[in-house]
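Trainee: here's a sequence, model it:
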Amino acid sequence: MRTRNVILSVVLLLVLAAGGGAWWLMQSLDGLVKRAIHKWGPEITGVSVRVDSVTIELAAGKGTIRGLAIGNPKGYAAPHALKVGELSLKLDPGSVTKDVIVVKELLIASPDVVYERGPGGDNMSVIQKNVEAWVAKNTGPKQADAGPGKKFVIENLYLRNGRAHFGTTLSAAVPDMHLRDIGKKSNGATAGDVVKQVWGALARGVTSVATSALGAIKDGAKSAGDAVKKLFK
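Mentor: Alright, predicted model coming up:
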């Protein structure tokens, strides 16, 4: 009888511990996500990555990341390569405690991008190379424990109303983007793979706009304003 009571007590303690762990996870999720961004963002991109705040409303299946700032590589003058005032996401609440987190929608609204050329090429490409190098280094069975353990499926990712700046006087709209089913075929993408795909798409869009803008200037635009107008003819 005593042995049975001991077993029941141990089981009860395990249940309480599991429940307490789940409660702690739900209460601490905002801070965990913020710390993960601050730790792994710079390692993956090779530049500074900061956010002001993270709010995850798990019961409602939504979250918000405010004040995202991605720095510039060394040798580039601008204080940042990308700033986003707010990212909003809709997720599957039941997937948060699983190995693959399902994000139903991620919206990157009004990103502010600075395109800058330097000795290593343009800053967008330099960051993209950093991401690709990190992914290549941390892919495979020997690196299974490297980087964040979670994987992600992003069903819909939208980038809207972006603005790219070239120098101090010239700016132009970045084409809107809609990426679908990131990580779906591989049963989840690592954080590095997600960054690689998203940054690669953004870099291609910004580079295309930059090439057109700078080409417009070379073709005889009288001012930065004229160069931007030529983009939309």
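Trainee: beta partners for the residue nearest to residue 86 when sequence neighbours are not counted?
Mentor: In this structure, residue 86 finds its nearest non-sequential neighbour in residue 66, 5.3 Å apart by Cβ to Cβ, 6 or more residues apart in numbering. For glycine as for every other residue, the C-beta is placed from the backbone atoms N, C-alpha and C. Note on residue 66: beta-bridge partners by DSSP bridges are residue 53, residue 86.
Trainee: do I have it right that residue 66 meets residue 51?
Mentor: Yes. If you go by Cβ atoms under 8 Å, residue 66 and residue 51 touch, sitting 6.9 Å apart.
Trainee: more neighbours: which of those two?
Mentor: For the pair residue 66 and residue 51, the greater number of neighbours falls to residue 51 (17 against 14), based on other Cβ atoms under 10 Å.
Trainee: residues in contact with the more buried one?
Mentor: Counting by Cβ atoms under 8 Å, 6 or more residues apart in numbering, residue 51 touches 34, 37, 38, 65, 66, 67, 68, 69.
Trainee: tell me the pLDDT at the fifth one?
Mentor: The pLDDT attached to residue 66 in the predicted structure is 94.
Trainee: same check, this time on the last one
Mentor: For residue 69, the model assigns a pLDDT of 94.
Trainee: assumed it was part of a helix.
Mentor: No. In this structure, residue 69 is strand, not part of a helix, as judged by DSSP: H, G, I helix; E, B strand; the rest coil.
Trainee: mind listing what it touches?
Mentor: Contacts for residue 69 (Cβ under 8 Å, 6+ apart) come out as 48, 49, 50, 51, 80, 82, 83.
Trainee: could you tell me how many residues sit around the third one?
Mentor: When neighbours are counted by other Cβ under 10 Å, residue 50 registers 15.
Trainee: tell me how far the residue nearest to residue 86 lies from residue 159.
Mentor: Residue 66 is 17 Å from residue 159, where distance means Cβ to Cβ, to the nearest Å.
Trainee: and for residue 39?
Mentor: 24 Å.
Trainee: so where's this structure uncertain?
Mentor: Within the chain, the stretches with pLDDT under 70 are 1-28, 140-148, 213-233.
Trainee: one more time with 90, if that's ok
Mentor: For the chain, the stretches with pLDDT under 90 are 1-36, 56-60, 93-94, 96-99, 117-121, 138-150, 166-175, 207-233.
Trainee: so residue 83 sits in a strand?
Mentor: Yes. According to three-state DSSP, residue 83 belongs to a strand.
Trainee: so what's it up against?
Mentor: With Cβ under 8 Å, 6+ apart, residue 83 has these contacts: 68, 69, 70, 111, 112.
Trainee: isn't residue 46 right up against residue 73?
Mentor: Yes. Assessed by Cβ under 8 Å, residue 46 is found in contact with residue 73 at 6.7 Å.
Trainee: check which element follows the helix or strand where residue 107 lies along the chain.
Mentor: Using DSSP states H and E, residue 107 sits within strand 100-109. Counting by DSSP H and E, the next helix or strand C-terminal to strand 100-109 is strand 112-115.
Trainee: and the contacts of that following strand?
Mentor: By Cβ under 8 Å, 6+ apart, the residues outside strand 112-115 that reach it are 72, 78, 80-84, 122-124, 162-166, 174, 202, 206-207, 209-210.
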